[in-house]
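Student: Sequence and predicted model, in that order:
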Amino acid sequence: MVNIYILTLDDTVFTDLKNGFSKTSYMDVNSCRLNDIDSLIDRIDSHQDVDVALISDEIVNKVSYNMIDREIVKARNVPYLIINTSDKILMDAIHSNAQDIILLNNLDIDRAVWSILHSLERNKMINRLYEDSIEDQLTKLYNRRGFLALAKDSIRLMDLPNYHIVFIDMDKMKIINDKLGHDIGDNALKEATNILTSSFREADIISRYGGDEFVVFISDVDKSIIEKIKDRILDKVSTFNEQNKYDYNLGLTLGWSKYDSNKNQSLQEVINDADQDMYNNKMKSSE
């Protein structure tokens, strides 16, 4: 079922499209009508299924393509097509993020259906490419790029920045890779990932920051919570090693840093402090 939201003030436009979609054999369609962009945003934000929007040029005239591109495509990841009756709007639509244009003066419902199907497939492909650009393929955690983007967005949304960074390094990964092979090394990374994802909160941003390094962004907690999380991780590592499932033992060294408002630190500076704390802890454990 494809949920299509048709934004138009014209009863005839909605009826023609709805009737046409109901007769097509290419897809099952649920057509809903809305009268403005704000109503569409409300539907999306309330988690109602919105697969694609068809927006008439009279609705576009009330806002702008920039607003639609920003609020519907970029912020809410919903593709849209333009229902067109005006040559002026037609030229503007070509330069927007609209997936296609449905011409009402020569309505071909089959072509409109194919345009919608193609827009959905294109949107899926774009989403996959985006996910590949911010996701580590082995662990399915955020990669460095994804982590930095999401952490910076989180900081921007805070009235007063209040966050911690936990920097985690896997011990003796080079030995595991050299002696047991990279497949076993990959397995160790996945097991470490399982421990981390089960130890932090769902709201925390966990990333594979580098080869055997993980970085986590935690907001709105005090140091005692961080200490509990660190203890939980180390307990899980001990339990894992006691099970002797593999020919290696996991080892994780953790470092921690809190944003210092007096220093007006950048995110990278807080990460560097956590990295240094991790390094100091690693040196202490090797003494």
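Tutor: Perfect, thanks for sending it.
Student: Just list what the helix ranked longest in the chain packs against, helices and strands only.
Tutor: When the chain is parsed with DSSP state H, its longest helix is helix 109-134. Contact here means 3 or more Cβ pairs under 8 Å, 6 or more residues apart in numbering; DSSP states H and E; on that basis helix 109-134 packs against strand 2-7, helix 11-23, strand 52-56, strand 80-84, helix 144-156. (Glycine included, C-beta is placed from N, CA and C.)
Student: And that helix, what's buried?
Tutor: Under the neighbour-count criterion of 16 or more other Cβ atoms under 10 Å, helix 109-134 has 109, 112, 113, 115, 116, 119, 120, 123, 134 buried.
Student: For residue 196, which of the helices and strands packed on helix 109-134 is the nearest?
Tutor: helix 144-156 (12.9 Å; Cβ to Cβ).
Student: pLDDT at the residue nearest to the spatial centre of the chain, what is it?
Tutor: By Cα atoms, centre = their mean, the chain has its centre lying nearest to residue 131, at 7.0 Å. The model reports residue 131 with a pLDDT of 78.
Student: how about low-confidence regions in the stretch 151-287 of the chain?
Tutor: 287 (pLDDT under 70).
Student: all helices in it, in order from the N-terminus.
Tutor: 173-180, 182-197, 223-243, 267-286 (DSSP state H, counting those that start in this stretch).
Student: is it possible to export the ones you listed to a markdown table including distance to residue 253?
Tutor: Compiled in a markdown table, those are given as follows (distance: least, Cβ to Cβ, whole Å):
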| stretch | distance to residue 253 |
| --- | --- |
| helix 173-180 | 11 |
| helix 182-197 | 12 |
| helix 223-243 | 10 |
| helix 267-286 | 5 |
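Student: how about the ones you listed, which one is nearest residue 138?
Tutor: When the helices of the stretch 151-287 of the chain are compared (using Cβ to Cβ), the closest one is helix 182-197, at 5.9 Å.
Student: Can you name every helix or strand that that closest one contacts?
Tutor: Using 3+ Cβ pairs under 8 Å, 6+ apart: helix 182-197 touches strand 163-170, helix 173-180, strand 205-208, strand 213-219, helix 223-243.
Student: if you set the cut-off to 10 Å instead, what comes out?
Tutor: Identification of packing neighbours for helix 182-197 by 3 or more Cβ pairs under 10 Å, 6 or more residues apart in numbering; DSSP states H and E yields strand 163-170, helix 173-180, strand 205-208, strand 213-219, helix 223-243, strand 252-258.
Student: Need the ones you listed in JSON lines (columns: mean neighbour count).
Tutor: Below are the helices and strands packed on helix 182-197 laid out as JSON lines (neighbours: other Cβ atoms under 10 Å):
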{"stretch": "strand 163-170", "mean neighbour count": "23"}
{"stretch": "helix 173-180", "mean neighbour count": "15"}
{"stretch": "strand 205-208", "mean neighbour count": "24"}
{"stretch": "strand 213-219", "mean neighbour count": "22"}
{"stretch": "helix 223-243", "mean neighbour count": "14"}
{"stretch": "strand 252-258", "mean neighbour count": "20"}
